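Asker: Sequence plus predicted model, see below.
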Amino acid sequence: MKKHNYSAGPCILPQEVFDKSAQAILNFNDSGLSILEISHRSKDFVAVMDEARALALELLGLEGKGYQALFLSSGASLEFLMVPYNLMKENGKAAYLDSGTWATAAIKEAKFFGDTVIVASSKDDNYNNVPKGYEIPADADYFHCTSNNTIFGTQMKSFPKTDVPMVCDMSSDIFSRVIDFTQFDIIYAGAQKNMGPAGTTLVVIKESIIGQSGRAIPSILDYAKHVKAESMFNTPPVFPVYASLLTLRWIKEQGGVAAVEKLNDAKAALLYGEIDRNPLFKGAAATEDRSTMNATFLLNNPDHTETFDKMWKEAGISGIPGHRSVGGYRASMYNAMPIESVQVLVDVMQALEKNV
Ligand SMILES: *Cc1c(COP(=O)(O)O)cnc(C)c1O
């Protein structure tokens, strides 16, 4: 039986992405070769990379606006250090918003490079909200924020207005909602949350920000080198890039990010509506900061845990236990999750209410 997959990452992808990925492993583009055995410099794969880069920019509304898209190896965690390496000047300063575990991890790496100012933190609230009303030092080389806090289930609904270059980790909500993406100088996202399999990270970078830090940067960590090589500085992760391209094509077929956002809003409204209505449950995150991607919630009475866990497992639901730092449950409703799967979870929550 196909499961209702609520995994936070790696995550659900559209069924056609699985089907076409499987086909490409057996026989890519009718070449008689697997995508796993062809040269990354072959015409067919260069076309994949070019289309993926162009489509990423198109879907974000950044086509022709002075941005480059890269599909790099390794995860978003490498960007935690590539960003300061490329943007923080010697004796420079960076400003960070501490809104959760991933933001904290990014801050830790930035500290290797220089003065790292935390403009605000919701740590004392166990990150159940996104800090607001902070000042960004005007002399910072950049400001870094996390658009969606995957673990705590909070999401930035607006972004600060600042003249300081803005960098955003969008790993868990990239392509899920329409934002004015031109306000960012760097956007990065590990593929495995909402775009593809693990193994590649999308980096969208404004050309004018490249090469400004004055640091000597090892080649593999230098955005300038990756841009110059059109994301082929070294062997790219061919299969994750191809599967990501299939997802991007799927998003475009759905009507683009705006259409996907509409569905994401409907899914979130359905689940949060039940969390708020059902007296057995409560939401874990501050209402105004609730993530449309990762809904965190708890049972009011822990005695119901065993029954509830049995019920959702029987309904074919997978991957909803919460992260250990929040407890309870986390339902990740990424782009590819159909609203029918959310309805199955809501039905289980209502059945529990009737049962106890
Ligand atoms: C998962 C996640 C990361 C880490 O991604 P890796 O690809 O595992 O390095 C970083 N930021 C956010 C917001 C995430 O959700």
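Answerer: Thanks, I have the structure now.

Asker: For the residue of the stretch 151-300 of the chain found nearest the ligand, give the beta-bridge partners.
Answerer: Closest to the ligand within the stretch 151-300 of the chain is residue 190: 3.0 Å, counting by CB to the nearest ligand atom. From N, CA and C alone the C-beta is placed, and that goes for glycine too. When bridges are called by DSSP bridges, residue 190 pairs up with residue 201.

Asker: now the residue nearest to residue 3 when sequence neighbours are not counted, which residues is it bridged with?
Answerer: Distances taken as CB to CB, 6 or more residues apart in numbering place residue 318 nearest to residue 3, at 4.2 Å, with adjacent residues excluded. With DSSP bridges applied, residue 318 shows beta-bridge pairing to residue 5.

Asker: What residues does residue 318 make contact with?
Answerer: 3, 4, 5, 6, 7 (CB atoms under 8 Å, 6 or more residues apart in numbering).

Asker: List buried residues within those.
Answerer: The neighbour-count test (16 or more other CB atoms under 10 Å) marks 4, 5, 6, 7 as buried among the contacts of residue 318.

Asker: Between the residues you listed, which sits nearest the ligand?
Answerer: Nearest member of the buried ones among the contacts of residue 318 to the ligand, counting by CB to the nearest ligand atom, is residue 7, at 11.6 Å.

Asker: C-terminal to the longest helix anywhere in the chain, what's the next element?
Answerer: The longest helix of the chain (DSSP state H) is helix 257-277. Note on helix 257-277: by DSSP states H and E, the next helix or strand toward the C-terminus is strand 281-283.

Asker: That next one: partners in the sheet, and parallel or antiparallel?
Answerer: For strand 281-283, the paired strands and their directions (DSSP bridges) are strand 294-299 (antiparallel).

Asker: Identify the residues contacting the closest residue to the ligand within the stretch 1-150 of the chain.
Answerer: Nearest residue of the stretch 1-150 of the chain to the ligand (CB to the nearest ligand atom) works out as residue 75 at 2.3 Å. When contacts are counted by CB under 8 Å, 6+ apart, residue 75 touches 190, 192, 198, 201.

Asker: Between all of the contacts of residue 318, which two are at the greatest distance?
Answerer: Spatial extent of those (CB to CB) is set by the pair 4 and 7 at 10.3 Å.

Asker: Dump the contacts of residue 75 into JSON lines; add neighbour count and pLDDT as well.
Answerer: Below are those laid out as JSON lines (neighbours: other CB atoms under 10 Å; pLDDT from 0 to 100):
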{"residue": "190", "neighbour count": "28", "pLDDT": "98"}
{"residue": "192", "neighbour count": "24", "pLDDT": "97"}
{"residue": "198", "neighbour count": "16", "pLDDT": "97"}
{"residue": "201", "neighbour count": "26", "pLDDT": "98"}
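
Asker: sorry, back to before: would you confirm that the residue of the stretch 151-300 of the chain closest to the ligand contacts residue 203?
Answerer: No. Residue 190 is beyond contact range of residue 203, at 10.4 Å (criterion: CB atoms under 8 Å).

Asker: Let me see the domain layout of the protein.
Answerer: 15-254, 257-355 (automatic domain parsing).

Asker: What residues does the chain have near the ligand?
Answerer: Counting by CB under 6 Å from any ligand atom, the positions of the chain adjacent to the ligand are 9, 75, 76, 77, 102, 146, 150, 169, 171, 172, 190, 193.

Asker: These in strands, which ones?
Answerer: Residues of those located in strands (DSSP state E): 146, 169, 190.

Asker: quick one: pLDDT of the first one?
Answerer: Spelled out, it's residue 146. For residue 146, the pLDDT comes out at 98.

Asker: Residue 99 is in contact with that one, correct?
Answerer: Yes. Counting by CB under 8 Å, residue 146 does reach residue 99; the two are 5.4 Å apart.
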